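Engineer: next input, structure requested:
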Amino acid sequence: MKCFEELRIWQEARILVQEVYSLTQNLKDYGFRDQIQRAAISIMNNIAEGADSGSDALFIRYLRIAKGSCGEVKSMLYVAEDLSYCSVEQANELRSKSKIISASTQKLIDYLKQNN
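Structural biologist: Prediction:
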């Protein structure tokens, strides 16, 4: 297994974190801002933690958590859109990136399950 920094899904999650932070940096709704930022960071960190866990079974567990956090980010982007915290286009772009990370995470889970 590669180190987590070499995993494409971790690299994409890192970019998503930067974009979520950029989108929310000036929000006064601190609860919302904190929650979406934590969810985005959770994706990245759970991929890293799982990759370094030492077993495929644990890696799969952490990847599932990361996948769940992708869903949370996607859901919160609807709230951001509904509350006019961002444009529809911004929300759609970040949701699309979250969906890609989620799908890639599922592919990695499937791969790890097949090789056990």
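Engineer: what helix or strand does C86 sit in?
Structural biologist: Following DSSP states H and E, there is no helix or strand that holds C86.
Engineer: secondary structure element for the closest residue in space to it that isn't next to it in sequence?
Structural biologist: Nearest residue to C86, sequence neighbours excluded (CB to CB, 6 or more residues apart in numbering): A80, at 4.9 Å. In short, each C-beta sits where N, CA and C put it, glycine included. According to DSSP H and E, A80 maps onto helix 56-82.
Engineer: with A48 instead?
Structural biologist: helix 30-51.
Engineer: what is the burial count for the closest residue in space to I36 that isn't next to it in sequence?
Structural biologist: Take I36 and drop its neighbours on the chain: the residue closest to it by CB to CB, 6+ apart is M76, 4.4 Å away. Using other CB atoms under 10 Å, M76 is surrounded by 23 other residues.
Engineer: so what's M76 up against?
Structural biologist: Contacts for M76 (CB atoms under 8 Å, 6 or more residues apart in numbering) come out as F32, Q35, I36, A39.
Engineer: mind listing what's buried in stretch 88-102?
Structural biologist: Q90, A91, L94, R95, K97, S98, I101, S102 (16 or more other CB atoms under 10 Å).
Engineer: can you redo these as CSV with secondary structure and pLDDT?
Structural biologist: Output for the buried residues of stretch 88-102, formatted as CSV (DSSP: H, G, I helix; E, B strand; the rest coil; pLDDT from 0 to 100):
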residue, secondary structure, pLDDT
Q90, helix, 97
A91, helix, 97
L94, helix, 98
R95, helix, 98
K97, helix, 98
S98, helix, 98
I101, helix, 98
S102, helix, 98
